[in-house]
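Give me the fold of what follows.
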Amino acid sequence: MESISKEQIAILLDYQNIEIEADNINAVLSSLPEKIDALDHKLSIVEQEIKEKEEALEALKKVYREDESDVQMNLSLAQKSDEKLMAVKTNKEYQATLKEIEKLKLANSKIEDKMLENLDRIEESEKGIEEKRRAFSKLKDEIQVEKSVIEQTTVDKKGELANLDERKMIVSAKIEPELLDRYSKLRNQLNGAAVAVVRDAVCYGCHMNIPPQMYNELHQTDTLKFCPHCYRILYVNDSEESQETDNNE
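Below is the predicted model:
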């Protein structure tokens, strides 16, 4: 079985830590556009609410204008009826004209009551829209601040990623090509860590027990060994286990 020095394991672990750190940064970077979309959506909801309120207000004002027009028309008709009273020649015509005037006045009274109700609704709606606009303006400012933070985070994380790429190139040059190739294939297959520590005969990659003989060989020989369960490259930390033994004693 191939040999592997503790130095190569240490370098490989350093390389793996760099890749894991880069994965975490890429995960953060990939989540940022979604956060920006969520902020934009939050703003668009309030914007849509304002638009709907403005449309409802315009509908109220339209009804008010129509009622106002009806009142003016009825007033004009009533005026004509008043003039007609001066020209009627019979009592029957006089009474009919009076009823016509009364009917127009009653109609106007109902319309004016409705207009007063609509005026209250218009005033209330205008206040609601103004409050919504203030809330929108405040939210817009808050979101802009959040976006600025996200943009700065993006810049910072990309900078960290560039530094990690440089470190990765330096460290990879110290790893034997065949070992690096095996590691890379394993990492792609496992979609995560390809090197795992063994403590008390337990692989900390899959938390399964490895055979006792393999565990002993990991301590006694410099051979490349793989977990029989998850196939990760295994190593032991002798100084860590010695410390645990001392502590137990």
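
neighbouring contacts of the strand ranked longest in the chain?
Taking DSSP state E as the criterion, the chain has its longest strand at strand 195-199. Strand 195-199 is contacted from outside by 9, 12-13, 16, 183, 203-206, 210, 215, 218, 227, 230, 232-237, 240-241, 244, using Cβ atoms under 8 Å, 6 or more residues apart in numbering. For every residue, glycine as well, the C-beta is placed using N, CA and C.

C-terminal to that strand, what's the next element?
Once strand 195-199 ends, the next helix or strand along the chain (criterion: DSSP states H and E) is strand 202-203.

helices and strands around that following strand, which ones?
strand 208-209 (3 or more Cβ pairs under 8 Å, 6 or more residues apart in numbering; DSSP states H and E).

before we move on, which element is the spatially most central residue of the chain in?
Taking Cα atoms, centre = their mean as the criterion, A38 is the residue nearest the geometric centre of the chain, at 3.3 Å. Element membership for A38 (DSSP H and E) is helix 6-85.

now that helix and strand 195-199, what's the angle there?
Angle between the axes of helix 6-85 and strand 195-199 is 110 degrees (criterion: axes from the mean of the first three to the mean of the last three Cα atoms, to 10 degrees).

C-terminal to helix 6-85, what's the next element?
helix 91-172.

Output the contacting helices and strands for that following helix.
helix 6-85.

Now do the helix it packs on: which elements does it pack against?
Against helix 6-85 (3+ Cβ pairs under 8 Å, 6+ apart) you get helix 91-172, helix 177-190, strand 195-199, strand 233-235.

Tell me which strands the third one pairs with, and in which orientation.
To tie it back to what came earlier, the one meant is strand 195-199. strand 202-203 (antiparallel), strand 233-235 (parallel) (DSSP bridges).

how far does it sit from the chain's center?
37 Å (Cα atoms, centre = their mean, to the nearest Å).

Give the buried residues for it.
If you call a residue buried by 16 or more other Cβ atoms under 10 Å, then strand 195-199 has these buried ones: V195, A196, V197, V198.

What number of neighbouring residues does the closest residue in space to I122 that isn't next to it in sequence come out with?
Nearest residue to I122, sequence neighbours excluded (Cβ to Cβ, 6 or more residues apart in numbering): L60, at 5.1 Å. When neighbours are counted by other Cβ atoms under 10 Å, L60 registers 17.

what's near enough to touch L60?
N118, R121, I122, S125.

Please parse this structure into its domains.
Domain assignment for the chain by automatic domain parsing gives 20-172, 176-248.

now this protein, which segments are flagged as low pLDDT?
Low-confidence segments of the chain (pLDDT under 70): 1, 239-249.

and if we set it to 90?
Along the chain, segments meeting pLDDT under 90 span 1-6, 74, 77-98, 100-101, 104, 191-192, 220-223, 237-249.

quick one: V171 and I11 touch, right?
Yes: V171 lies in contact with I11 (Cβ atoms under 8 Å); the separation is 6.2 Å.

coming back round to it: select, out of the helices and strands packed on helix 6-85, the one closest to S69.
helix 91-172 (9.9 Å; Cβ to Cβ).
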